[in-house]
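In: sequence first, then the predicted structure, then my questions.
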Amino acid sequence: MPFACIFVPDFSVEALLRAEPELRSQAVAVLEGKAPLQKVFAGNEKARRAGVEVGMTKLQIEACTDFVLRARSPLQEAAAHAALLDCAQSFSPRIEDAGDDAILLDLAGLEPLFGPQPKIARDLARRASELGLEANVAVASNPDTAILAARGFFGVTVIPAGREAEQLSSLPVDVLFVGAVPSPTLETFDRWGVRNLRGLASLPDVALSERLGQEGVRLQQLARGSISRALVPVETPLIFEEAIELEYPLMLLEPLAFLLGRLLEQLCARLGARALATQELRLRLELENGWHAEDDCCPSTALDPSDRRIFQRTLRLPVPLLDARIFLKLLQLDLKANPPGAPIVKIYLSAEPVRPRAAQSGLFLPPSPEPEKLELTLARITGIVGEGSLGSLEILDTHHPHGFRMRRFAPAEPQRLGPRSSEKPESNNAITALRIFRPPVRATVTLRHGKPSHIVCSKRIQGDILWAAGPWRSSGDWWEQEGWSRDEWDIAVQAESYIALYRLVHDRLSGRWFLEGNYD
Amino acid sequence: MYVELHARSAFSFLEGASLPEDLIATCANFSMPAMALLDRNGVYGAPRFHMVAKKAGVKAHIGAEVSCEEFPISDCQFPITSGPRLKIGNRKSEIGNSFRLPLLVSSRTGYQNLCRLITKMKLRAPRKEEGAVREEELREHTAGLICLTGGDDGLLATSLARGGMDEARRAVERLAHTFGRDNVYVELQRHFHREQEARNRAAVEIARSLQLPLLATNGVCYASPRQRELCDVFTAIRHKRTLATAGRLLARNSERHLKSPQEMQQLFTDLPEAVANTWELSSRLEFTLHDLGYQFPKYPVPEGETMMSFLRQRTEEGAQKHYGRASRDVRDRAHRQIEHELTLIEKLDLAGYFLIVWDLVRFSREQGILVQGRGSAANSAVCYSLGITAVDPVGMDLLFERFLSEERGEWPDIDLDLPSGDQRERVIQYLYKLYGERGAAMTANVITYRSRLASREMGKALGFDPETLDKVSAAVSTWEYRDENDTFDHRFRDAGLDINHPRLRKYFELCVAAQDLPRHLGQHSGGMVICQGQLDSVVPLEPASMPGRVVVQWDKDDCHDLGIIKVDLLGLGMMAVLEDSLQLIRNNYGEEIDLAHLPQDDPTVYSALQKADTIGMFQIESRAQMSCLPRLRPRHFYDIVVQVAIIRPGPIVGQMVNPFLQRRLGREPVTYAHPSLEPVLSRTLGVPLFQEQLLRIAMIAASFTGGEAEELRRAMGFKRSEARMKQIETKLRAGMERNGISREAQEQIILSITSFALYGFPESHAASFALIAYASAYLKCHYLAAFTAAMLNNQPMGFYRPATIVKDAQRHGLKVLPLDALKSDWLCTLETAVEGPAVRLGLRYARGLREEVAQALVEERNCADFVSIHDLVRRVPDLRKDELNTLAEIGALNSIGISQREGSDSESGNWKSEMGNCFFHRRDALWQVERAVRHSGPLLEEFPEPDSKSPLRAMHHEERLVADFRGTGMTVGPHPMAYHRAKMQTMGVRTALELSGIRNGQNVRIAGGVIARQRPGTAKGFVFLSLEDETGVANAIVTPDLFQKNRLLLSSEQFLLVEGILQNQDNVISVKAARVIPLPITRAQTTSHDFY
């Protein structure tokens, strides 16, 4: 039974070159890591010939002008992998995912459809090329030989049945080992002086198995091309995406809502048919005139700068839902708060499939709001207060007085109440509350003997400072560009009929004064 | 007036960011009359604080912050066990509610109490932890101590946090009860924190209610606000976090710097008495380290004898032995010198010290341990007579004042060289036994931040990943010489990092700021202090990393500064080599060698020295020494003394080397700056080479006394003070003026003194070293096998790697046999071969092989030979697979089961190699190892399988080279260059041996493995390469320009081809490189000894 393998060498470079094919004639290196410590993750053949090595820093290759540097893009790699799957699937229904950069195909029965094996192999290579991926393709009588040949030989290779060992013999032994982690068996081969598959294939079977066990036997069989195994077919990935290409650009949200409603219904029907729900909706809008907007909702999926016509929104739900009307409402609220800002030419809507929620509330537990309603309410409030202003507070471990961040609000699991005796006695101390002004209010302050003596902040808050306590000094993050240093004063100012207490802040780096809050 | 009474220095390891010197400098700037240093659980920084304060006219109060265990308070409102547990300092385990108690020393008794308290705590603490003082211990040691209630981690703060006002009041009351009401001060600190101010209010209330005085302090951790950054980094390091994850462990602000009295008064305007009390308390603190109360132990002498009379007798006995057969003149001079020395020793009451050192030497000799005094002690005829040193100071006319003088008021310094390793340990243990655990201790070695350590730790704190850390620390490490291109900017760029990035810029600043700050306390390799009575009342003791050892909290310079006498028991690798050589000669040659009576002026030795054939010889083997030897052409012992001393920064910087060599070769007349200096300088042809000569010049030309001359030397010391130098220069000039020395001669003399005194070698020291150098040369020339084996057994030591030592020995005709599991011991041994004794490499050279496993192998083998590799694996089950693989790969298993194989092979004939030997190659062994390490099950376990022929092909020479260097770091086979000689010849490459036959100025090509790279600070950026081939070592000189162009290649390539002009000056041969080319002849990982 013949098998084919499509293998893309320098996969991470190829994934990027799909979007920029004009770079194929140049030396391209892919960088990984955060500035200033980016390092070379991979490079194409031209880059290698020019001396680029994995692990070099960006600065080291920046000195040479002939290199094109690109950041590694997992997104594009995933897309490239999906394209590779598509490519394989367009030939055979039985495919095996043999890694990001390799796909195996069962060619049984394909000859009447696509012609003889060499032709299939060439067509596969051509199809991959059309999808933007320069791949090696190898055909052999067993899957592993096909993989080895595709990894080891450039271009298209067809290995006739019975000549596997002979054809593979010149390949270096490390072709058997994938991945960066050094293998102890490879080290053993190195010590033994076994450098290519011929050497490995010629070792006596029994003696080898006595030394390296089944792993050794397996590797030897691989080297001889005699291993036989069944393909591990992959199921088609569960991708639920719907799209509409518009004849005319859409300007208004209302007709968009109509189209979205239709798409959502289709999506929900498909999910429902497979007894699935979704917890994540992704809306991608292709816009006219090269307009670009950042994805505020999900910065981690930042868009490729080369693809600047996409507007994307992602809605994540706390619990799996399957209700087209709710989804539509949520999307409408979101788009109202974050309009695309330009005419829309294409709509992509995808849903991440998950199992539906199957939870029953406890009989004696207090009722919590329905997740659907809660989500709707949260979306409405976000629409009013803005992104990042709603959620649960998490206090950060820092001296910075504003050291907190907002986490997504999620209803906590009801907790059992402990015995009352363990509760701490309440303190009798009076607690003064501080109401923070967000943002703080700029103030003009006059000092006397180093202490604030007069403040002008607004019409309401101005006058002599009756007394001041402080300064309470703090500073930090000096190793970052965003270092800070501030003095706080607690001040008393005469209001109309009472004395008001404020927190006054002096930013020691900018020299500015702010009123940051008032005490109850 | 304000006095800062609560300050930490960087000696509160990782809790303070300034050296005591910086604190005192800032204190003096503020015209503060006094200051107290309270480091964490110790007085580590006190000597430096004291010395520098003395100079600055500041009174240095001593104290410490002592970690204490909680006070058990019975009627506590809230149970302690439920409260939060605090973690204090570096201690790993939490001790419930510990706190830090700041203690100030008011009297010598107080100081002794503090030292004992800390010692008790430290010696009791589990390993690597700091421990805490118990309340009952505190109660025992309160006399002379004044205690403060502390800052954030003090008793008051922790009690307040735990149990509120009531508990805090009770805790302070308890302190007052323990220390006495007059000796407790309620401490207030103001760092602009809200919580701290609330605590201060409570503290004031408690002080008022208990009628205790208030005391303002600033809880200082650094001298200036900017150093807060470093303090934050230290905090992160201490807690093993990065700055980004350290959160509130870091300081809230930068207020813990030393503040001026005005600032402090301003801060405490509402509580002026708290500031005033600092002045009052300071005046109560009478103690300074000047009043240490140290006494050197007495030596026990027989009844009716005094120490002096006993010393006199021992000296006279020794003098009789050493000078008995000398000429009358020498005898008389010796007698006079000994009398002079003994009189001074008696006057300074040092008899006990000499007797103790004599006793150590006596003990060593009795135990058969080689021992020799070095350093300035060799200037003393008494030391020579007592057998402490081996150089005759009278015969060599050495200057006694360099060793001991009345004016200096310092203890003499006697260093003893002992074989490194177990032998030295035995002498150390003897001292411990004699003076008890609390009577003797090692001196500390303060580990400070140097570029590599700083770069790693700062990088970690900034959150760099390991790979980047490697890069940045490599970028920060330096060659000894730096040119203008050698800036950090360039180095970072070379490493692929952009220093203009703010984060890297900050990293760089931190690395620079951390330089020389203490990191932790280590143990000095050989310095020991002993004391009459209890050493723990002089300085706190703490456990050393080696079990059973204790170490004092001060390093040897601190001990010296405070007048604590020390004996340096230094481990010298060459002493161990000599001792091991003697043993090997005894066992294998059947000869007994007495190092004290080696044949003098041995022609073979001097011939080798004149040819610079000195690899492995003590002190004269370096590239620089070798480039001098053919010009100096030693003919007598004194020439070796000169040779040892001449290649030093002093003579080189002072430009003495060339004039001396020119005069020696008769190319320049011998002249003197002044005729009166002729007696001093005639031995060194008018060129000063030794420190003693400079001192004598000062004594003759400027009429300095011996003590004044020594004072001059110290003034030129490492921490030169411009003012002090000027002062001494004026004095010198005045003296010379009085003696009628011309201005020109004065200039010459002053120039030589100033440029030289610091780095010059003392003649006595050079003479002691020359003795060892001669002994090593003698043994190498006459007993090469024993000497080489001993050298290999004592690595690492010396200038060259073992690979070079082996190749050199082979070139001298020694057979070096490879590692063999059936023949090698752990150490290298001698075997009898046809050509004479041969060296068998020891199992210690099999990389990764554990000593205990190797010993087990040898033990098993001694019972019966291994019949096969399976047999070896079965009988030495601790052998790991990687160890077996290494042994197999380097050929150490090739001979296993040879007899069995010979029997079976006669039938098949398969085992004969092309070389005609019974052949079982390395890959056969590797093949067997892989089989043998797999268990064959209980049934077959006990039946060793015979080795069988493998299907693997034998290694070719390149593979063998790779395996040899990977597994042993060397090869006993041909040099890697030998395999490529034919090709090299076609390329016109000359061997190292051929160079002597080529005339000066000719263009040549040389090639070889780089065995040493040097860029000495004295060579203005020139780089020296030593290239080894199969015939010897050739030297290449690389100009700064060429180095700049080929920096990476010259720093990292293992084999190089160098093209350039041959320079042959007086048989010193080198090639001035015009072009360097990498030579990829082997993948073998050879190594070089690089001096950056």
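Out: Thanks, I have the structure now. This one's a predicted model, so the numbers in the text were calculated from it and none came from an experiment.
In: contacts and neighbour counts: CA atoms only from here.
Out: OK.
In: heading C-terminal from the lowest-mean-pLDDT helix or strand in chain A, find the next helix or strand.
Out: None of the helices or strands of chain A scores lower by mean pLDDT, DSSP states H and E than strand A:240-250, at a mean of 70. Counting by DSSP states H and E, the next helix or strand C-terminal to strand A:240-250 is helix A:253-273.
In: for that next one, enumerate the helices and strands it packs against.
Out: strand A:240-250, strand A:277-287, helix A:324-337, strand A:344-354 (3 or more Cα pairs under 8 Å, 6 or more residues apart in numbering or on different chains; DSSP states H and E).
In: might you report the residue contacts of the residue of the stretch 751-900 of chain B found nearest chain A?
Out: Per Cα to the nearest Cα, residue B:889 is where the stretch 751-900 of chain B lies closest to chain A, at 7.5 Å. Residues near residue B:889 by Cα atoms under 8 Å, 6 or more residues apart in numbering or on different chains: A:191, B:922-923, B:925-926, B:963-964, B:967.
In: of all those, which comes closest to residue B:450?
Out: residue B:967 (32.1 Å; Cα to Cα).
In: nearest spatial neighbour of that closest one, skipping sequence neighbours?
Out: residue B:847 (5.3 Å; Cα to Cα, 6 or more residues apart in numbering or on different chains).
In: cool, and residue B:7?
Out: residue B:220 (4.3 Å).
In: how much space separates that neighbour from residue B:32?
Out: For residue B:220, the distance to residue B:32 equals 15 Å [Cα to Cα, to the nearest Å].
In: give me the more crowded residue out of these two.
Out: Neighbours per residue, other Cα atoms under 10 Å in any protein chain shown: of residue B:220 and residue B:32, the larger number sits with residue B:220, 25 against 19.
In: enumerate every residue touching that one.
Out: Per Cα under 8 Å, 6+ apart, neighbours of residue B:220: B:6-8, B:256-258.
In: okay, and which of the contacts of residue B:889 map to strands?
Out: Among the contacts of residue B:889, none falls in strands (DSSP state E).
In: tally up the residues packed near whichever residue of the stretch 851-1000 of chain B sits closest to chain A, please.
Out: When scored by Cα to the nearest Cα, the stretch 851-1000 of chain B has residue B:931 as its residue closest to chain A, at 4.7 Å. For residue B:931, the count of nearby residues is 22 (other Cα under 10 Å).
In: identify the residue spatially nearest to residue 183, adjacent ones excluded.
Out: Picking chain A for this. residue A:177 is the one closest to residue A:183 (Cα to Cα, 6+ apart), at 7.5 Å.
In: look at chain B instead
Out: That would be residue B:146: by Cα to Cα, 6+ apart, it lies 4.7 Å from residue B:183.
In: distance check, that neighbour against residue B:177.
Out: Residue B:146 is 12 Å from residue B:177, by Cα to Cα.
In: how deep is the residue of the stretch 101-250 of chain A found nearest chain B tucked in, by neighbour count?
Out: Residue nearest to chain B within the stretch 101-250 of chain A (Cα to the nearest Cα): residue A:211, separated by 4.7 Å. As a burial measure, residue A:211 scores 20 neighbours (other Cα under 10 Å).
In: name the nearest residue to residue B:251, sequence neighbours excluded.
Out: Spatial nearest neighbour of residue B:251, chain neighbours left out: residue B:232 (6.5 Å); criterion: Cα to Cα, 6+ apart.
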